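Student: I would like to see how this sequence folds:
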Amino acid sequence: MGKINVETCNIEGLKVISPTVFGDKRGYFMETYNRKDFEAVGIDMEFVQDNQSASKKGVLRGLHFQIKYPQDKLVRVVSGEVYDVAVDLRPESETYGKWYGVLLSAENKKQFFIPKNFAHGFIVLSENAEFAYKCTDFYHPNDEGGILWSDPDIGVEWPVPEGMTKGDLIISDKDTKWLGIKNLKR
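Tutor: Numbering: from 1, shown residues only. A predicted model of the protein is given here:
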């Protein structure tokens, strides 16, 4: 039923996905995931866990990755707007250390597919946002790694929410203590 439009990114493996939205005066309907449609565009995996978080304006989460149990992720925004970022951590990749960002919102209904071995993070641009994602492995509490969100060697250009400065961003203690990409074993 669904069918999706897939945009490839300048980093191999990353994909921005726009579902077909069926709307009328009552509202809309869309398939957020249809295994056959995803397989047809080369995203053939089994998702085993769905997660959802809520955050307020100026919250920056990331940049996170899994060490021994890497996950493919399919992320989207249920309400609000975020700027979502993936950083290539694949050791042999030509784009190692490069990042790609995309605006995800309830309005544009885009999804972002992030393969294994990428760091991931996002910043909330709207007053509030609900963020949902599918993973191909279960959460392992002692397996989380991270890179400093502001690492100059990566140079992510995080948009600052309207009416705020970088100093106003809300970042967990954990996320302020990660080291830069140069400290990762490649």
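Student: go ahead and flag the most central residue of this structure.
Tutor: Here the mean C-alpha position of the chain is nearest to the C-alpha of D84 (C-alpha atoms, centre = their mean), at a distance of 4.8 Å.
Student: show me what contacts it?
Tutor: The neighbours of D84, taking C-beta atoms under 8 Å, 6 or more residues apart in numbering as the test, are 75, 101-104, 112, 120-122. Where C-beta positions appear, they are placed from N, C-alpha and C, glycine not excepted.
Student: mind redoing it with 7 Å?
Tutor: Residues counted as contacts of D84 (C-beta atoms under 7 Å, 6 or more residues apart in numbering) are 75, 101-102, 104, 112, 122.
Student: which of those fall within strands?
Tutor: Using DSSP state E, the members of the contacts of D84 that fall within strands are 75, 101-102, 104, 112, 122.
Student: so the closest residue to E7 other than its chain neighbours versus K110, what's the distance?
Tutor: Nearest non-adjacent residue to E7, counting by C-beta to C-beta, 6 or more residues apart in numbering: V16, 4.3 Å away. Distance from V16 to K110, counting by C-beta to C-beta, to the nearest Å: 6 Å.
Student: go on, V156?
Tutor: Where K110 is concerned, V156 sits at a distance of 19 Å (C-beta to C-beta).
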